[in-house]
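Colleague: following is a predicted model, sequence given first.
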Amino acid sequence: MEASAVSVTETSEMTPGEPLAGKLTSQQLAAVEDEEVLNNMLDKAVDFDERRMIRAALRDLLKKKREKREKERGSRQDDLRQQALKNAGTGQMGMNRGGQTSSQQKSHSPNQFSASTTSSLTKNTGSRAKPAMAPAHHCASVVTSPNMKNVKQMLLDWCRAKTEPYEGVNIQNFSSSWSDGIAFCALVHRFFPDAFEYSILNPNARKENFELAFSTAERLADCPPLLDTEDLLRMHEPDWKCVYTYIQEFYRCLVQKGLVKTKKKL
């Protein structure tokens, strides 16, 4: 791939938001290990080839982080299994000597350790109680306006552009595309990459994904939790009006904090 003319500094001395010096190459991008740097570069790049190179580098970085965390998780699970087997052996020895053992000496099976460890990696900590989701008629009253169709499409395009580098996210609407919570997490992570590790998220852990996204958006963006996790879990696909209303509010909060610069507020 040919080098594109984008200004950048040496990657080893780069700080978030700081431009690189000289011509940008795929090798230079591969050396960048800060998601925020790549996100800022993507926001500023206007050339098609430049944006393609940066998106590819961001996808590769997320993939490397995910593989690293999976490897670390596998290593921890192996250690726990070995410890469980060791404890089980110790307990068996005690039973053989004394004829019986107390309940405190019984160890968990390797599968129990594995399941609890995997769950703890994706479970959101410090979840807070959230108000119930706004009724559908309330959501409808919020979004109805003469130019609602144009605004809705603009907001959908914005969500798609911001989550484009994220694996497992394909935003096509405000309903089914958000049903597993991964799209919410990707959108929040796009603006707060240090808040949590995206690469370890599990699409099947819907509850944890919803809680993680909403609590992070509330804590860092002051975005009120307009959506209720329990309501979302009961529905196969969320109500598009309520998802649209929530994304509108998240967008406004980002604008107020200066994280999104725009002449047109959605």
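Modeller: Structure received.
Colleague: residue 196 is in what secondary structure piece?
Modeller: In the assignment (DSSP states H and E), residue 196 maps to no helix and no strand.
Colleague: quick one, phi/psi of it?
Modeller: The phi and psi values for residue 196, taken as degrees, to the nearest 10, are phi -160, psi 170.
Colleague: let me know the pLDDT of it.
Modeller: The confidence metric pLDDT takes the value 96 at residue 196.
Colleague: mind checking how far it is from residue 86?
Modeller: Counting by C-beta to C-beta, to the nearest Å, the gap between residue 196 and residue 86 amounts to 33 Å. C-beta coordinates here come from the backbone N, C-alpha and C atoms, glycine included.
Colleague: for residue 209, same thing?
Modeller: Remark: distance between residue 209 and residue 86 (C-beta to C-beta) = 35 Å.
Colleague: circling back to that earlier point, who has more neighbours out of residue 196 and residue 86?
Modeller: residue 196 (19 against 11; other C-beta atoms under 10 Å).
Colleague: residue 208 is in contact with that one, correct?
Modeller: No - using C-beta atoms under 8 Å as the test, residue 196 is too far from residue 208 to be in contact (10.6 Å).
Colleague: helices along the chain, start to end?
Modeller: Per DSSP state H, the chain has helices spanning 26-31, 35-44, 48-98, 110-122, 136-143, 148-163, 182-191, 206-221, 229-234, 240-256. These are given in chain order.
Colleague: any idea which of those gets closest to residue 176?
Modeller: The stretch from the helices of the chain with the least distance to residue 176 (C-beta to C-beta) is helix 240-256; that distance is 8.9 Å.
Colleague: let me know the average pLDDT across the closest one.
Modeller: Per-residue confidence for helix 240-256 averages out to 96 on the pLDDT scale.
Colleague: also stretch 55-73?
Modeller: Stretch 55-73 shows a mean pLDDT of 74.
Colleague: can you check which of the helices of the chain gets nearest to residue 175?
Modeller: Closest of the helices of the chain to residue 175 is helix 240-256, at 4.1 Å (criterion: C-beta to C-beta).
Colleague: now the angle from that closest one to helix 182-191?
Modeller: Calculated by axes from the mean of the first three to the mean of the last three C-alpha atoms, to 10 degrees, helix 240-256 forms an angle of 10 degrees with helix 182-191.
Colleague: what's helix 240-256 packed up against?
Modeller: Helices and strands touching helix 240-256, by 3 or more C-beta pairs under 8 Å, 6 or more residues apart in numbering; DSSP states H and E, are helix 136-143, helix 148-163, helix 182-191, helix 206-221.
Colleague: so of the ones you listed, which one's packed in deepest?
Modeller: Burial of the helices and strands packed on helix 240-256 is given as mean neighbour count (mean count of other C-beta atoms under 10 Å); helix 182-191 ranks first at a mean of 24.
Colleague: residues contacting that one, please?
Modeller: The set of residues external to helix 182-191 that reach it, using C-beta atoms under 8 Å, 6 or more residues apart in numbering, is 39, 159, 162-163, 166, 168-169, 171, 177-178, 195-196, 198, 201, 203, 209-210, 212-214, 216-217, 220-221, 247, 250, 254, 259.
Colleague: dump it to PDB, keeping only the CA atoms.
Modeller: Coordinates of the C-alpha atoms in helix 182-191 are reproduced here as PDB (Å, rounded to 0.1, in the frame of the first residue of the first chain):
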ATOM      1  CA  ILE A 182     -22.700  -4.500  21.500                       C
ATOM      2  CA  ALA A 183     -23.500  -1.400  19.400                       C
ATOM      3  CA  PHE A 184     -24.200   0.700  22.500                       C
ATOM      4  CA  CYS A 185     -20.800  -0.400  23.900                       C
ATOM      5  CA  ALA A 186     -19.000   0.300  20.700                       C
ATOM      6  CA  LEU A 187     -20.500   3.800  20.400                       C
ATOM      7  CA  VAL A 188     -19.600   4.600  24.000                       C
ATOM      8  CA  HIS A 189     -16.100   3.100  23.700                       C
ATOM      9  CA  ARG A 190     -15.500   5.200  20.600                       C
ATOM     10  CA  PHE A 191     -15.500   8.300  22.800                       C
END
